[in-house]
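Student: no sequence on this one, just coordinates:
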């Protein structure tokens, strides 16, 4: 047998074996209480893209979890003022998905009472109620799911807060998007579908 014909299949196998594993963008929030990691849904492409864009810009790194309520949510990002989210860099059309609900650990986009249910690009929340918050379904867009760090979220909502549910000691945010492979995600408890 010609050596060249023997080496070609071997070379092809080696090239395929060395192909790097596909990676996925994952939301990461570092706080004084610890790290939170969450899956970003492809089913909500505009909210996913918005989160990635603002995280890469370091947008949230001077903000805090500004509203924390036990058995409800930990909310962070731009301030929620009586005038609504006027400080948001932009608003997003809702992306309601019947298969994505407000379960424990759901990451959603905050909004004010605007009639179009437009999301504030800057405001996000994490559902901390273990039974979920079905009353928010199809009213607020869910675009992610925490798979590591719900103990951190539980600790965040348990801090002392004032009458507006603002933590007395600011809970700073370091928000990023990291790339993890399917095998890395599996080790952390999330299986890519």
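Tutor: Perfect, thanks for sending it. Small disclaimer: the values here were computed from a predicted structure and weren't measured.

Student: in this structure residue 121 contacts residue 110, no?
Tutor: No - between residue 121 and residue 110 there is no contact under CB atoms under 8 Å: 9.8 Å. For every residue, glycine as well, the C-beta is placed using N, CA and C.

Student: any low-confidence regions in this structure?
Tutor: Low-confidence segments of the chain (pLDDT under 70): 1-18, 79-87.

Student: where exactly do the strands run in it?
Tutor: In the chain, the strands defined using DSSP state E lie at 23-31, 34-40, 65-68, 73-77, 91-92, 106-109, 119-120, 123-127, 142-148, 174-181.

Student: for those, which one sits closest to residue 161?
Tutor: strand 65-68 (6.0 Å; CB to CB).

Student: report the distance from that closest one to the chain centre.
Tutor: 16 Å (CA atoms, centre = their mean, to the nearest Å).

Student: strand partners (parallel or antiparallel) of it?
Tutor: strand 73-77 (antiparallel) (DSSP bridges).

Student: start and end of stretch 89-97, how far apart?
Tutor: End-to-end distance of stretch 89-97: 24 Å, with CA to CA, to the nearest Å as the criterion.

Student: list the buried residues of that stretch.
Tutor: 91-92, 94-95 (16 or more other CB atoms under 10 Å).

Student: if we can go back for a sec, can you list the strands of the chain in TSV and add distance to residue 56?
Tutor: Formatted as TSV, the strands of the chain follow (distance: least, CB to CB, whole Å):
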stretch	distance to residue 56
strand 23-31	10
strand 34-40	13
strand 65-68	20
strand 73-77	15
strand 91-92	17
strand 106-109	17
strand 119-120	18
strand 123-127	15
strand 142-148	16
strand 174-181	6
